[in-house]
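1. Provided below for reference: sequence and predicted model.
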Amino acid sequence: MNKEAAFQEWAGSFGIPAYAATAVPDDATEPYITYTLATGMWGDGEQACDLSIWYRTTSEAKPNAKAREIGEALGIGGTCLPCDEGLVWVKRGQPFSQPVDSGDNAVKRRYINLSVEFLTTY
């Protein structure tokens, strides 16, 4: 599995569908996650990327809980995703999570800053 597929699998591991921000299906319904993955070469150092969590709800509770779940999964040191050529090290960015006005009061969005690093294992 390449590094992009490893990140996609991880983003989709939180119980709701995950899509690249440029590939959300027309028939997608909330809740779902979108992401932008900035890829670098192995050993390039940290790259900024992000997730957005989308819920159709009047409550802040569900998107806040999902953001918290992702933060807890990352922990303090992040998580490493194995892939063909090494590891994708996913860490919390700063600020980690913030609400974003979606333009629709019924849709709640949480923007999550992440940092990824591509490490070789040899």
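-> Thanks, I have the structure now. Worth saying up front: this structure is predicted, and the values here are computed from it rather than measured.

2. From the chain's centroid, how far away is the helix ranked longest in the chain?
-> Of all the elements of type helix in the chain, the one with the most residues (DSSP state H) is helix 61-74. Using C-alpha atoms, centre = their mean, to the nearest Å, the mean C-alpha position of helix 61-74 is found 11 Å from that of the whole chain.

3. and that helix, which residues are buried?
-> Within helix 61-74, the residues that qualify as buried are K62, P63, N64, K66, A67, I70, L74, counting by 16 or more other C-beta atoms under 10 Å. For glycine as for every other residue, the C-beta is placed from the backbone atoms N, C-alpha and C.

4. Which strands or helices does the helix or strand following it pack on?
-> For helix 61-74, the succeeding helix or strand toward the C-terminus, using DSSP states H and E, is strand 79-83. The criterion is 3 or more C-beta pairs under 8 Å, 6 or more residues apart in numbering; DSSP states H and E, and the helices and strands that strand 79-83 contacts are helix 3-11, strand 86-101.

5. what comes up buried for strand 79-83?
-> Buried residues in strand 79-83, counted by 16+ other C-beta under 10 Å: C80, L81, C83.

6. Any idea which of those residues the model trusts least?
-> Across those, the smallest pLDDT goes to C83, namely 92.

7. from what I can see that one touches E9, true?
-> No: counting by C-beta atoms under 8 Å, no contact exists between C83 and E9, whose distance comes to 9.5 Å.

8. any idea how far F96 is from the residue nearest in space to the middle of the chain?
-> By C-alpha atoms, centre = their mean, the mean C-alpha position of the chain lies nearest to L51, the distance being 3.5 Å. In this structure, L51 lies at 10 Å from F96, with C-beta to C-beta, to the nearest Å as the measure.

9. For the two, list the residues in contact with both.
-> Taking C-beta atoms under 8 Å, 6 or more residues apart in numbering as the contact criterion, the common neighbours of L51 and F96 are I112.

10. one step back: mind checking which helix or strand the residue nearest to the centre of the chain is in?
-> Counting by DSSP H and E, the secondary-structure element that holds L51 is strand 47-56.
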